[in-house]
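Participant: Build the 3D model from these lines:
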Amino acid sequence: MEQGYTIRNVADIKKIETTPVSELVIEKNTYELIRKGAEINPDATAISFLLNGDGYNKPLEISYKEFMGKIRQTANMLHDLGVGPDDVVTYLLPALPQTHYILWGAEAVGIANPINPLLEPETIRDICIAAGTKVLVGLGDFPGSDIWKKVDAIRGQIPTLTSVIRVFGPSDEAEGIYGYDEKVETYPGDQLIFERNIDPDDIASLYHTGGTTGRPKLARRSHFNEVFLMWDLKTVTNFQPGETVMVGLPLFHCNGTCITGLLPFSVGGHVVILSPTGFRDVSILKNFYKIVDHFKPSFFSCVPTVLSGLIEIPVEDSDISSLKYLICGAAPLSVELFNRFEEHTGMKILEGYGLTESTCACAVNPKDGERKIGSIGFPLPYQKMKVVVTDDDGNFLRDAETGEIGSVCISGPCVFKGYVEEEHNRGIWVQDGWFNSGDLGRQDEDGFFFLTGRKKELIIRGGHNIDPAMIEEPLYRMKEVKMVAAIGRPDAHAGEVPVAYVEVAENSKISSEDIMEWAKKNIGERAAIPKEIIVIEQIPLTAVGKVFKPALKWDATRRVYEKELAGLEGLADSFSVKVNEDKVYGTCAKITIKPAKGVDKKTISQKVSELLTKYTIHYDVDIV
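Facilitator: Residues are numbered from 1 along each chain as shown. As a prediction, this is how the structure comes out:
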């Protein structure tokens, strides 16, 4: 089947799906996929690496011949260190060319396990133990990085570990430490020194995601999951050899590795790595439009917080017309920010949806058809999505009606093979082959899906998943803490940030400051430390005594919106905010405003839009 269809609506997807999956031409594994892409033009540039945004016109360039050579050398080295098809290679690395060599080399010989290097050492250790890590790869001593310090702290605590590889650092073979850059050069790059017949169902990677017990879950993704997603993405994007993408998302996350990695590599495309820290590098954002002008990419992926930053940067005389679209996901995008960004840049935003358990992407708004702002679009070819109604224990009751809010479920060739630890697999399938995402949403009459909330209660901070248990469990260890509930509070820059509501014991003398000090010392992940501790008289409970977190999220939203609306000073005599459940939007803030004398309603409305433009919780304004 040829790829690159014009997809405008759900009917176009159904036409594509008339061909059985078994008749599609799909490579068997990621190694074969990249090899075929590299053979299109071995001399073409596979990767341009920017050390920072200021030096964008002097990148390190790597050809496809060199890229494939490094992948083979890496796979051969790992094989020589004893890695086989069932063995796990874990890496803790920023976005570097070496990260791609290690990721795809590991998948060629065994199983790759990317880990967020910003996690605390104890959490990294626990993930390695759960994964059964055999080889651990980390960045050596490098200015501004503490990765090697973390590797050194945990390498003696992982029972299955046999070797440690240090990128940018010397070998110490007596300690079982190998310098990547010197050791990898001792292996051939023109062929693999081992034979492996990779079955499409073989596990290619283990990616960690938000867990339910304080430790992130490890999603088992097969080679077929990953190569089929690439077929899907090529079909809907019509991505061509030599076309350029930019990657500013981290290479421990499947968006960075797959959508702006494996996709372009599979067709001989060009990947521009926007520095080791990507969009978190202020020099990248400052020079972003100049970088686009220089490399002429056709698209990039990001989260809403990136758009919030880019909207403050002048485009000036940079030519950014090469960008056909950008894909935005991981968190909801406000209508105001959507419109302001498109007006500011002329770029087309395609809101999408995906999760680690779906290999990455599930749905997206069509690039060639009508987009619905606030929607995540409709499913990619052969991927299935539906909304179901479940009971309180997550058991399937029925499919939801059009427009009815329920649990978003997915099935199809990109759905993962379950979690590594069996305890995490209980209750995740609502029907045979249908995975319950934990997200709440609805589907409209045109087949578009809209997210309305999350049942699984993950806090998503700038696209990074935080399990509330990582916050709640340490706080419960404080003797005078009676009850804790961690939730995500709306945030203009990160989408949401963690805050903790705490109910303390009667006659307790501890303050929110005391609890915050404890949190800083005892929570194992820096990003999970609450931005605020809110001590309240009583944590709200359901009729059966469970913590009712929606009420706390409503309260947190109310507090944020009230703080922002203080900017109405001089325009309004008074205002009030009430936040509650909404059948269409999931959550809605009802704002009532009494204008100051002589101020018209249009002025008030414009100011409210300006103050709340970066927030995603829907609001209605009543000016009385």
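
Participant: Which stretches in the stretch 201-350 of the chain count as helices?
Facilitator: Secondary structure of the stretch 201-350 of the chain (DSSP state H, counting those that start in this stretch): helices at 223-237, 254, 263-266, 282-286, 288-295, 304-310, 335-345.

Participant: Give me the buried positions along the helix or strand of the chain with the lowest mean pLDDT.
Facilitator: Of all helical and strand segments in the chain, the minimum by mean pLDDT, DSSP states H and E falls on strand 464-466, at a mean of 80. Across strand 464-466, burial judged by 16 or more other Cβ atoms under 10 Å covers 464, 465, 466. Backbone N, C-alpha and C define where each C-beta goes, glycine included.

Participant: Just give me how far that strand sits from the chain centre.
Facilitator: 8 Å (Cα atoms, centre = their mean, to the nearest Å).

Participant: Give me the contacts around it.
Facilitator: Residues outside strand 464-466 that contact it (Cβ atoms under 8 Å, 6 or more residues apart in numbering): 116, 209, 210, 216, 458, 459, 460, 488, 498, 525, 527, 528.

Participant: hang on, the earlier thing: rank the helices of the stretch 201-350 of the chain by mean pLDDT and give me the bottom one.
Facilitator: Lowest mean pLDDT within those: helix 304-310, at a mean of 83.

Participant: between the helices of the stretch 201-350 of the chain, which gets nearest to residue 582?
Facilitator: In terms of Cβ to Cβ, the element of these nearest to residue 582 is helix 335-345, at 15.0 Å.

Participant: Which secondary structure elements does that closest one sit against?
Facilitator: Under the contact criterion of 3 or more Cβ pairs under 8 Å, 6 or more residues apart in numbering; DSSP states H and E, helix 335-345 touches helix 304-310, strand 349-353.

Participant: show me where the stretch 251-400 of the chain has strands.
Facilitator: 270-274, 299-302, 326-328, 349-353, 363-364, 378-379, 384-390, 396-399 (DSSP state E, counting those that start in this stretch).

Participant: now do the stretch 1-150 of the chain
Facilitator: So, for the stretch 1-150 of the chain - with DSSP E, counting those that start in this stretch - the strands run 45-50, 60-63, 88-92, 111-114, 133-139.

Participant: quick one on the thing from earlier: of the helices and strands packed on helix 335-345, which is nearest residue 134?
Facilitator: Ranking the helices and strands packed on helix 335-345 by their distance to residue 134 (criterion: Cβ to Cβ) puts strand 349-353 first, at 34.0 Å.

Participant: ok, that closest one: who's next to it in the sheet?
Facilitator: When pairs are called by DSSP bridges, strand 349-353 turns out to pair with strand 326-328 (parallel), strand 363-364 (antiparallel).

Participant: can you redo the ones you listed as a markdown table with mean pLDDT?
Facilitator: As requested, these are arranged in a markdown table below (pLDDT from 0 to 100):
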| stretch | mean pLDDT |
| --- | --- |
| strand 326-328 | 93 |
| strand 363-364 | 96 |
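
Participant: between those, which one is nearest to residue 147?
Facilitator: Judged by Cβ to Cβ, the one of those that comes nearest to residue 147 is strand 326-328, at 28.4 Å.

Participant: re earlier: can I get the strands of the stretch 251-400 of the chain in TSV including distance to residue 190 and mean neighbour count?
Facilitator: Shown next, in TSV, are the strands of the stretch 251-400 of the chain (distance: least, Cβ to Cβ, whole Å; neighbours: other Cβ atoms under 10 Å):
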stretch	distance to residue 190	mean neighbour count
strand 270-274	23	26
strand 299-302	33	24
strand 326-328	36	23
strand 349-353	39	23
strand 363-364	38	24
strand 378-379	41	25
strand 384-390	42	19
strand 396-399	53	13
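
Participant: Quick one: these as CSV, columns for distance to residue 502 too.
Facilitator: CSV is the format used below for the strands of the stretch 251-400 of the chain (distance: least, Cβ to Cβ, whole Å):
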stretch, distance to residue 502
strand 270-274, 39
strand 299-302, 34
strand 326-328, 34
strand 349-353, 33
strand 363-364, 37
strand 378-379, 41
strand 384-390, 30
strand 396-399, 35
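
Participant: Just tell me which of these ends up closest to residue 417.
Facilitator: Shortest distance between residue 417 and those, using Cβ to Cβ, is found for strand 384-390: 16.9 Å.

Participant: Could you break this structure into its assigned domains?
Facilitator: Listed by automatic domain parsing, the domain ranges of the chain are 10-435, 459-539, 556-623.

Participant: Comparing these by mean pLDDT, which bottoms out?
Facilitator: Note on those: domain 459-539 shows the lowest mean pLDDT, a mean of 90.

Participant: Now the terminal residues of that domain, how far apart.
Facilitator: End-to-end distance for domain 459-539: 19 Å, by Cα to Cα, to the nearest Å.

Participant: cool, stretch 58-66 as well?
Facilitator: Terminal residues of stretch 58-66 lie 19 Å apart, using Cα to Cα.

Participant: Next, the buried residues of it.
Facilitator: Under the neighbour-count criterion of 16+ other Cβ under 10 Å, stretch 58-66 has 59, 62, 63, 64, 65, 66 buried.

Participant: What is the nearest of those to residue 617?
Facilitator: Of all those, residue 617 sits closest to residue 59, with 39.9 Å by Cβ to Cβ.

Participant: Straight-line length of stretch 294-303, end to end?
Facilitator: 23 Å.

Participant: How about residues contacting that stretch?
Facilitator: With contacts defined as Cβ under 8 Å, 6+ apart, stretch 294-303 is touched by 48, 56-57, 237, 239, 243-249, 255-256, 259-260, 270, 272, 279, 322-331, 462-463, 495.

Participant: cool, and stretch 547-554?
Facilitator: 453, 457, 483, 485, 487-489, 501, 539-542, 579-581, 587.

Participant: In PDB, list the C-alpha atoms belonging to it.
Facilitator: In PDB, the C-alpha atoms belonging to stretch 547-554 read as follows (Å, rounded to 0.1, in the frame of the first residue of the first chain):
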ATOM      1  CA  VAL A 547     -10.800  11.000  49.200                       C
ATOM      2  CA  PHE A 548     -12.800  13.100  46.700                       C
ATOM      3  CA  LYS A 549     -10.000  14.700  44.700                       C
ATOM      4  CA  PRO A 550     -12.200  16.500  42.200                       C
ATOM      5  CA  ALA A 551     -13.300  18.900  45.000                       C
ATOM      6  CA  LEU A 552      -9.700  19.700  45.800                       C
ATOM      7  CA  LYS A 553      -8.900  20.300  42.100                       C
ATOM      8  CA  TRP A 554     -11.800  22.600  41.900                       C
END
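
Participant: Name the residues of that stretch that come out as buried.
Facilitator: Residues of stretch 547-554 classed as buried by neighbour count (16+ other Cβ under 10 Å): 547, 549, 550, 551, 552, 553, 554.
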